[in-house]
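Trainee: Got a predicted structure plus its sequence, pasted below:
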Amino acid sequence: MGSNGQTTKSPPSPSPLRNSKFFQSNMRILVTGGAGFIGSHLVDRLMQNEKNEVIVVDNYFTGSKDNLKQWIGHPRFELIRHDVTEPLLVEVDQIYHLACPASPIFYKYNPVKTIKTNVMGTLNMLGLAKRVGARILLTSTSEVYGDPLVHPQEESYWGNVNPIGVRSCYDEGKRVAETLMFDYHRQHGIEIRIARIFNTYGPRMNIDDGRVVSNFIAQAIRGESLTVQLPGTQTRSFCYVSDMVDGLIRLMEGDNTGPINIGNPGEFTMVELAETVKELINPNVKIISVENTPDDPRQRKPDITKAKELLGWEPKVKLRDGVPLMEEDFRQRLAVPKKV
Ligand SMILES: NC(=O)c1ccc[n+]([C@@H]2O[C@H](COP(=O)([O-])OP(=O)(O)OC[C@H]3O[C@@H](n4cnc5c(N)ncnc54)[C@H](O)[C@@H]3O)[C@@H](O)[C@H]2O)c1
Ligand SMILES: O=c1ccn([C@@H]2O[C@H](COP(=O)(O)OP(=O)(O)O[C@H]3OC[C@@H](O)[C@H](O)[C@H]3O)[C@@H](O)[C@H]2O)c(=O)[nH]1
């Protein structure tokens with residue numbers, strides 16, 4: 001029984017094909033979007049457990065095989081090029097459903113495809129969960145709170161979202177995905193988990209991803225000006241990727257459906273973030289103001305009381321410790337060593 005929905009049905013039984021495994025692991029886990037930033041770190045953590053067999057499906061829109069290169073050829077790992085808007089049949093016990101472009105520049109690039117990914121992709125993964133009796137976790141987002149009128153955001157807040165704006169393909173798409181998750185839970189007894197992820201950063205983010213931490217770090221390393229979008233007083237709360245992965249696994253393994261906020265409550269304005277990156281990486285760069293895009297949320301900070309109480313989770317890595325870890329990875333990929 002979930003915290004938020006009544007269900008009269010018991011979960012579907014695992015399919016008999018579950019026993020026809022080619023490799024005898026205890027848990028067969030599907031990660032959609034596993035070639036992306038968070039997905040590939042999640043795969044690394046899941047693969048550390050020898051009882052897990054991991055299957056990744058990805059269409060490589062924003063992800064890359066390079067993120068998974070250490071696992072390609074491993075007997076407990078499989079990589080499938082597949083678009084989640086098409087049905088999929090694989091025998092699995094758990095589904096981490098991450099597939100969806102996450103950076104605003106990428107999700108706005110083909111908004112119809114983004115909403116199809118969120119709606120049809122989630123429907124397909126729920127259909128799969130129902131058919132094979134798997135537990136499914138959706139990576140939803142803090143963007144379901146829109147431009148929040150409540151601060152910090154608790155899970156009980158219903159949000160302030162523009163249904164027809166340029167971000168709607170993503171934030172409304174994720175809201176529908178959450179609805180589908182609960183409808184399948186109530187109607188078919190599917191075991192669901194919903195994580196509302198707040199801004200996450202770390203190694204392997206696309207260098208020209210457009211998200212603020214990756215932009216500022218790449219700009220500082222290249223000696224370019226840091227582009228703070230106006231007004232610069234807007235806030236975000238940044239979670240390091242290892243903390244995020246830990247939270248997602250605890251949610252999947254625990255008893256609570258969610259939705260549960262997973263994020264770091266340390267809140268920064270974009271000017272403060274730029275100043276921190278400048279100080280830590282390159283004190284010689286300028287910070288400049290540039291135009292913003294429509295409907296940019298003005299403030300965002302997770303209330304993580306539920307995550308603490310129900311998952312025993314809270315983030316460990318502070319922004320000042322996470323930025324240098326990401327800098328190292330970006331310097332390697334940009335081939336710009338640190339001057340000593
Ligand atoms: N990183 C964040 O700050 C953040 C915040 C909130 C929510 N999330 C959610 O977490 C998940 C992962 O985000 P990320 O930051 O790793 O992004 P990412 O863009 O690096 O990863 C997304 C992955 O999904 C794949 N993908 C996209 N559309 C697909 C489709 N139709 N079929 C199959 N694969 C597809 C991409 O190729 C990519 O590998 C997303 O669902 C995102 O909405 C991320
Ligand atoms: O170069 C930049 C890029 C962005 N920004 C600002 O930084 C803030 C954060 O922007 P990002 O593009 O990194 O991310 P957003 O918070 O808008 O969306 C994010 O939120 C939740 C997730 O679901 C998404 O994956 C993620 O993109 C915005 O206020 C934006 O205006 C800059 O000041 N400069």
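Mentor: Structure received. Numbering: from 1, shown residues only. Ligands and ions are numbered 1, 2, ... in the order given.
Trainee: contacts, neighbours, all on C-alpha from now
Mentor: Fine.
Trainee: Can you give the contact residues for the helix or strand of the chain with the lowest mean pLDDT?
Mentor: Ranked by mean pLDDT, DSSP states H and E, the weakest helix or strand in the chain is helix 104-109, scoring a mean of 94. Helix 104-109 is contacted by residues 62, 100-101, 114, 166-167, 169-170, 209-211 when judged by Cα atoms under 8 Å, 6 or more residues apart in numbering.
Trainee: Just put those residues in a markdown table and tack on secondary structure and neighbour count.
Mentor: As requested, the contacts of helix 104-109 are exported to a markdown table (DSSP: H, G, I helix; E, B strand; the rest coil; neighbours: other Cα atoms under 10 Å):
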| residue | secondary structure | neighbour count |
| --- | --- | --- |
| Thr62 | coil | 20 |
| Cys100 | coil | 29 |
| Pro101 | coil | 23 |
| Thr114 | helix | 24 |
| Val166 | coil | 17 |
| Arg167 | coil | 23 |
| Cys169 | helix | 24 |
| Tyr170 | helix | 29 |
| Asp209 | coil | 17 |
| Gly210 | coil | 15 |
| Arg211 | coil | 19 |
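Trainee: least confident pick among the residues you listed?
Mentor: Among the contacts of helix 104-109, Asp209 has the lowest pLDDT, at 88.
Trainee: And the residue nearest to that one when sequence neighbours are not counted, how far from Phe37?
Mentor: Leaving aside its sequence neighbours, Asp209 sits nearest to Ser103 (Cα to Cα, 6 or more residues apart in numbering; 6.5 Å). Distance check for Ser103 against Phe37: by Cα to Cα, to the nearest Å, it reads 11 Å.
Trainee: so where do the helices sit in the chain?
Mentor: 37-47, 104-109, 111-132, 168-188, 212-222, 241-253, 270-281, 305-311, 319-334 (DSSP state H).
Trainee: Does ligand 2 have contacts with the third one?
Mentor: No: applying Cα under 6 Å from any ligand atom, one finds helix 111-132 out of contact with ligand 2, separated by at least 12.0 Å.
Trainee: buried residues in that helix?
Mentor: The neighbour-count check on helix 111-132 (16 or more other Cα atoms under 10 Å) flags 111, 113-132 as buried.
Trainee: Now do that helix against helix 168-188, angle only.
Mentor: Per axes from the mean of the first three to the mean of the last three Cα atoms, to 10 degrees, the angle that helix 111-132 makes with helix 168-188 is 20 degrees.
Trainee: Mind checking if helix 111-132 is in reach of ligand 1?
Mentor: Yes: using Cα under 6 Å from any ligand atom, helix 111-132 reaches ligand 1 at Thr117.
Trainee: who are the neighbours of that helix, in terms of helices and strands?
Mentor: strand 94-97, strand 135-141, helix 168-188 (3 or more Cα pairs under 8 Å, 6 or more residues apart in numbering; DSSP states H and E).
Trainee: Need these in TSV (columns: distance to ligand 1).
Mentor: As requested, the helices and strands packed on helix 111-132 are exported to TSV (distance: least, Cα to the nearest ligand atom, whole Å):
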stretch	distance to ligand 1
strand 94-97	7
strand 135-141	4
helix 168-188	8
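Trainee: Indicate which one of the ones you listed is closest to Cys239.
Mentor: strand 135-141 (12.8 Å; Cα to Cα).
Trainee: what does that closest one contact?
Mentor: 93-98, 125-126, 129, 171, 174-175, 177-178, 181, 190-198, 252.
Trainee: does it come close to ligand 2?
Mentor: Yes: counting by Cα under 6 Å from any ligand atom, contacts between strand 135-141 and ligand 2 involve Thr141.
Trainee: what comes up buried for stretch 169-185?
Mentor: Buried-residue list, stretch 169-185, by 16+ other Cα under 10 Å: 169-178, 180-182, 184-185.
Trainee: Let me know the distance separating the closest residue in space to Asn26 that isn't next to it in sequence from His41.
Mentor: The shortest distance from Asn26 to any non-neighbouring residue, by Cα to Cα, 6+ apart, is to Lys51 (5.2 Å). Look at Lys51 and His41: by Cα to Cα, they are 18 Å apart.
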